[in-house]
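Undergrad: Attaching a predicted model along with its sequence, questions to come.
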Amino acid sequence: MKLTRVPETNSFGLVLPPTTEDLEYLRLFQKPKDRPDTVDRHHLYWPKKLYHSTKLSQEFSEHSFNSIWILISDHRAIHHQFDGVPMPKREVMATFLEEANLLEGLGISMRAIDMIDTALYEDRVVDHQATEENRQRNVEIINNTVMRVPKFEAIPAQLANLAVKQLYELSLAA
């Protein structure tokens, strides 16, 4: 499949996602009075037929880090402007998914600490020592993961840092 018009990619062949500034309008979006333009999920890696050819490429394309919610009109414009995205090397997709799993594990550990802290605060804990050990394991997972983020190879640094920042903000808000 020949893809002649493709979005900008990095040296690994990964699509450079829009910056938060590029997508700022979504936060400010208000439904117009005339013809509403709703949001739609855009996969950064397409066409679907190409990315559904192997289990790895399908998992890579369908991963939540590889899609964004944008206005339907913008979604149509992207697909009109570009033919698709050539598939990155197998090793790049596998590394991306490994790093994405670390970030997802980070989120799980942060939520676990929040739940433990709430249970401690509300005095719903029976075995304080086991609970504290569980909490400490999650703190170690968080610290180890955060230290690894700057060394990520496949996930762009801006995306990884944004994910970590959002997890911390969610944790603080809880």
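TA: Now that the structure is in, tell me what you want to look at.
Undergrad: Could you use CA atoms for every contact and neighbour count after this?
TA: Will do.
Undergrad: Would you mind pulling up the elements that the helix ranked longest in the chain packs against?
TA: Ranked by residue count and defined by DSSP state H, the top helix of the chain is helix 90-121. Contact partners of helix 90-121 among helices and strands, from 3 or more CA pairs under 8 Å, 6 or more residues apart in numbering; DSSP states H and E: helix 55-62, helix 128-148, helix 157-173.
Undergrad: Most tightly packed of these?
TA: helix 55-62 (a mean of 18; mean count of other CA atoms under 10 Å).
Undergrad: Sheet partners, orientation included, of the helix or strand following it?
TA: Sequence order places strand 67-71 as the next helix or strand after helix 55-62, per DSSP states H and E. Sheet pairing of strand 67-71 (DSSP bridges) gives strand 39-43 (antiparallel).
Undergrad: Now for the spatially most central residue of the chain: which residues touch it?
TA: What sits nearest the mean C-alpha location of the chain, by CA atoms, centre = their mean, is residue 65, with 2.9 Å. Contact analysis of residue 65 by CA atoms under 8 Å, 6 or more residues apart in numbering lists residue 100.
Undergrad: Name the residues that touch stretch 7-18?
TA: 44-45, 82, 84-89, 92, 154, 156.
Undergrad: hmm, try it at 6 Å
TA: Contact partners of stretch 7-18, identified using CA atoms under 6 Å, 6 or more residues apart in numbering, comprise residue 88.
Undergrad: How far off centre is that stretch?
TA: Computed by CA atoms, centre = their mean, to the nearest Å, the chain-centroid distance of stretch 7-18 equals 15 Å.
Undergrad: ok, and for it, which residues are buried?
TA: Neighbour counts using 16 or more other CA atoms under 10 Å place 7, 13-15, 17 of stretch 7-18 among the buried residues.
Undergrad: Also stretch 40-58?
TA: Under the neighbour-count criterion of 16+ other CA under 10 Å, stretch 40-58 has 40, 42-47, 50-52, 57-58 buried.
Undergrad: again with stretch 93-107
TA: In stretch 93-107, counting by 16+ other CA under 10 Å, buried: 93-94, 96-97, 99-100, 102-103, 105-107.
Undergrad: Sort out which one of those residues lies nearest residue 124 for me.
TA: residue 107 (23.0 Å; CA to CA).
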